[in-house]
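Asker: Predicted model and sequence below, questions to follow.
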Number of protein chains: 2
Amino acid sequence: MAAVPVSARDPRISAFLSTRTPSGSVLAEGLWAHQCLLQSDADLDVLVICPDLMEPSAGRLAHDLTARARTAVEVSAKTFARISRRTKPSGLASLVRLPRWPVSPGRIGDRPIDAATRVLVADGIEYATNLGALIRIVDASGTGALLLTNRQARLEHPDVFTASRGTLLTTPVVDFGEPSSAADWLLRAGFTIRLALPGAPGGFRTPAGDPSGPTAIVVGSEGRGVSPQWRSVPHEPISIPMRGRADSLNVAVAAGVLLFA
Amino acid sequence: MAAVPVSARDPRISAFLSTRTPSGSVLAEGLWAHQCLLQSDADLDVLVICPDLMEPSAGRLAHDLTARARTAVEVSAKTFARISRRTKPSGLASLVRLPRWPVSPGRIGDRPIDAATRVLVADGIEYATNLGALIRIVDASGTGALLLTNRQARLEHPDVFTASRGTLLTTPVVDFGEPSSAADWLLRAGFTIRLALPGAPGGFRTPAGDPSGPTAIVVGSEGRGVSPQWRSVPHEPISIPMRGRADSLNVAVAAGVLLFA
């Protein structure tokens, strides 16, 4: 199926012109993002291509994605410039459905929970770039999922996709809302909950030897740390020792240290 | 000595109005930044205060800083709004001299090098926020210094100060320019050089037991990794295993994992 030429007034373009990406979707733009897309199972709702702006090497990619997209449209360079967030638009943009990861006591999406399962819980995250960075770390460290509570940043923000290096499309991310509902699910599924609390005794390294059961590591927001709701849940406190003047690490750096320790 | 009332045309205000902070200096703004300043030994060249914008609780801080500043001036709310980078200016801004950390074979600034000394080398860093984040991690992990080679981001950029959480004023940062000059100094001072290279065998953890000598860990730029110049220096390759789809970590996260491991 070839892409259909359309104008900027076409309803299929409207999500690209809005300042707020529709709930449950994400906008991807550029060659690199579309290579990520092609390698994922993500549901491609609308592909927008502008042959006049595309590098010749992008032709094959555009062809493969056009075959996969629910809708593929072609626009002029002038229209593409309006939907692009870049100073040098590359002629490829997509509206992609975020994958859904339903949880049950034994599973996250299609992944079973076992004694070696580890998840990261991020509480109250305010910045999209940090949310994306956390997803990239969860992916890179082989952590089972990212659970979110008290989320402030939107998963749909384009910076999440970019900072995640595209791993937003393949990494289980579950938004629980209230900490109590995440804690209920974790405790029912047999997780030990470890809270990152500045100054807590006991270090931060995973005990050596066989994993004794699934573990959840909870990190707090950039400004306020882990919320009081999490502190009232049965937990083991953990902390990264601060050896200088800084009293904390950036939340993504802290998560990296905790998940790779 | 009290602050002298001046207009926006006063030469002491010019550095604050320029888009480029003068070499060797940094602009600090706001209550939090000035608390950092007061706790550091930093050389305060020009303090600008605007009593009309300051919170009452900032009065004591302004008084103590006025006593320490080489020059202290007072401006109107209108002038302060022109020099401020914030939507809600807090009435405190400073031009601060960056501390200098001269190196000799046995020392970095006033700190002697011994068998337990560890330094981070960051090669080709492009973004001010990453540079600041690296300084914060060097401080928090008790690492001896941050050495820079092929630096792209300016140390004087306001985002460096902010992302460093003020530790820019107290953490040894040495800009070597060419990798060869940093490598020469490190090798002469007896450092083992460990390069973070994606996919390198050998893991990333510091060997257990007594430190066998000073160690430098070299991380590369956001886009291109460690430069070829560093790869031709005698080194031990190290790497953080990537267990997912992402082929790398953000440079600050990687440095955090390597320095806290």
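Answerer: Sure, I can see it. Residues are numbered from 1 along each chain as shown, chains lettered A, B, ... in the order given.
Asker: Please enumerate residues in contact with whichever strand or helix holds residue A:38?
Answerer: Per DSSP states H and E, residue A:38 falls inside helix A:31-39. With C-beta atoms under 8 Å, 6 or more residues apart in numbering or on different chains as the test, helix A:31-39 has contacts from A:28, A:44, A:55, A:58, A:61-62, A:64-65, A:68, A:90, A:92, A:94, A:96, A:161-162, A:165-166, A:169, B:245. For every residue, glycine as well, the C-beta is placed using N, CA and C.
Asker: secondary structure element for the residue lying closest to residue A:261 once chain neighbours are set aside?
Answerer: Spatial nearest neighbour of residue A:261, chain neighbours left out: residue A:205 (4.8 Å); criterion: C-beta to C-beta, 6 or more residues apart in numbering or on different chains. Using DSSP H and E, residue A:205 falls within no helix or strand.
Asker: Residue A:205 - how many residues pack around it?
Answerer: By the criterion of other C-beta atoms under 10 Å in any protein chain shown, residue A:205 has 13 neighbours.
Asker: Determine how far the helix holding residue A:38 lies from the middle of the whole chain.
Answerer: 15 Å (C-alpha atoms, centre = their mean, to the nearest Å).
Asker: Please apply the same query to stretch A:155-162.
Answerer: That offset, for stretch A:155-162, works out to 7 Å (C-alpha atoms, centre = their mean).
Asker: check which helix or strand covers residue A:181.
Answerer: Per DSSP H and E: helix A:179-188 holds residue A:181.
Asker: Export the helix holding residue A:38 to PDB, keeping only CA atoms.
Answerer: Provided in PDB are the C-alpha atoms of helix A:31-39 (Å, rounded to 0.1, in the frame of the first residue of the first chain):
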ATOM      1  CA  LEU A  31      15.600   8.100  10.900                       C
ATOM      2  CA  TRP A  32      17.000   6.700  14.200                       C
ATOM      3  CA  ALA A  33      13.500   6.700  15.800                       C
ATOM      4  CA  HIS A  34      12.000   4.900  12.800                       C
ATOM      5  CA  GLN A  35      14.800   2.200  12.900                       C
ATOM      6  CA  CYS A  36      13.800   1.600  16.500                       C
ATOM      7  CA  LEU A  37      10.200   1.400  15.400                       C
ATOM      8  CA  LEU A  38      10.900  -1.100  12.700                       C
ATOM      9  CA  GLN A  39      12.700  -3.300  15.200                       C
END
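Asker: Heading C-terminal from that helix, find the next helix or strand.
Answerer: strand A:43-49.
Asker: quick one: average pLDDT of that next one?
Answerer: For strand A:43-49, mean pLDDT is 95.
Asker: re earlier: ok, the residue nearest to residue A:261 touching residue A:259?
Answerer: No: shown here, residue A:205 and residue A:259 do not form a contact pair, counting by C-beta atoms under 8 Å, at 11.4 Å.
Asker: hang on, the earlier thing: what's the angle between the helix holding residue A:38 and strand A:43-49?
Answerer: 140 degrees (axes from the mean of the first three to the mean of the last three C-alpha atoms, to 10 degrees).
Asker: If you count neighbours, what's buried in helix A:31-39?
Answerer: For helix A:31-39, burial by neighbour count (16 or more other C-beta atoms under 10 Å in any protein chain shown) applies to A:31, A:33, A:34, A:36, A:37.
Asker: that older thread, point out the other helices and strands that the helix holding residue A:181 packs with.
Answerer: Other helices and strands packing on helix A:179-188, by 3 or more C-beta pairs under 8 Å, 6 or more residues apart in numbering or on different chains; DSSP states H and E, are strand A:118-123, strand A:145-149, strand A:192-196, helix A:228-231.
Asker: Buried residues in it, which are they?
Answerer: By neighbour count with 16+ other C-beta under 10 Å, helix A:179-188 contains the buried residues A:179, A:182, A:183, A:185, A:186.
Asker: Run through who's touching that helix.
Answerer: Outside helix A:179-188, the residues that reach it (C-beta under 8 Å, 6+ apart) are A:103, A:105, A:119, A:121, A:123, A:147, A:149-150, A:176, A:193, A:216, A:227, A:229-230, A:233-234.
Asker: Spit out the contact partners of the residue lying closest to residue A:178 once chain neighbours are set aside.
Answerer: The shortest distance from residue A:178 to any non-neighbouring residue, by C-beta to C-beta, 6+ apart, is to residue A:149 (6.6 Å). By C-beta under 8 Å, 6+ apart, the contact list for residue A:149 reads A:121, A:122, A:123, A:124, A:176, A:177, A:178, A:179, A:182, A:227, A:229, A:230.
Asker: List buried residues within these.
Answerer: For these, buried by 16+ other C-beta under 10 Å: A:121, A:122, A:123, A:124, A:176, A:179, A:182, A:227, A:229, A:230.
Asker: Helix, strand, or coil at the residue nearest to the spatial centre of chain A?
Answerer: In chain A, the residue lying closest to the centroid (C-alpha atoms, centre = their mean) is residue A:168, at 3.8 Å. Three-state assignment for residue A:168 (DSSP: H, G, I helix; E, B strand; the rest coil): helix.
Asker: Kindly provide the distance from it to residue B:240.
Answerer: 21 Å (C-beta to C-beta, to the nearest Å).
Asker: In this structure residue A:84 contacts residue A:29, no?
Answerer: Yes: at 6.4 Å, residue A:84 counts as touching residue A:29 under the criterion of C-beta under 8 Å.
Asker: who touches both of those two?
Answerer: residue A:93.
Asker: At which residues are the helices of chain A located?
Answerer: A:14-17, A:31-39, A:59-68, A:77-83, A:128-140, A:158-163, A:179-188, A:228-231, A:251-260 (DSSP state H).
Asker: Isn't residue A:10 up against residue A:76?
Answerer: No: using C-beta under 8 Å as the test, residue A:10 is too far from residue A:76 to be in contact (11.8 Å).
Asker: which bits of the stretch 51-200 of chain A sit near chain B?
Answerer: By C-beta under 8 Å from any C-beta of the partner chain, the part of the stretch 51-200 of chain A that sits against chain B consists of A:133, A:136-142, A:163, A:165-167, A:170-171.
Asker: Report the contact partners of residue A:138.
Answerer: Counting by C-beta under 8 Å, 6+ apart, residue A:138 has contacts A:120, A:145, A:146, A:167, A:171, A:255, A:259, B:244.
Asker: related to what we said a few turns ago, so which of the contacts of helix A:179-188 is the closest to residue B:4?
Answerer: Using C-beta to C-beta, residue A:227 is the member of those that lies nearest residue B:4, at 46.4 Å.
Asker: Report pLDDT for that closest one.
Answerer: For residue A:227, pLDDT reads 96.
Asker: Distance check, the nearest residue to residue A:8 once chain neighbours are set aside against residue A:29.
Answerer: Distances taken as C-beta to C-beta, 6+ apart place residue A:79 nearest to residue A:8, at 4.4 Å, with adjacent residues excluded. Using C-beta to C-beta, we find residue A:79 at a distance of 14 Å from residue A:29.
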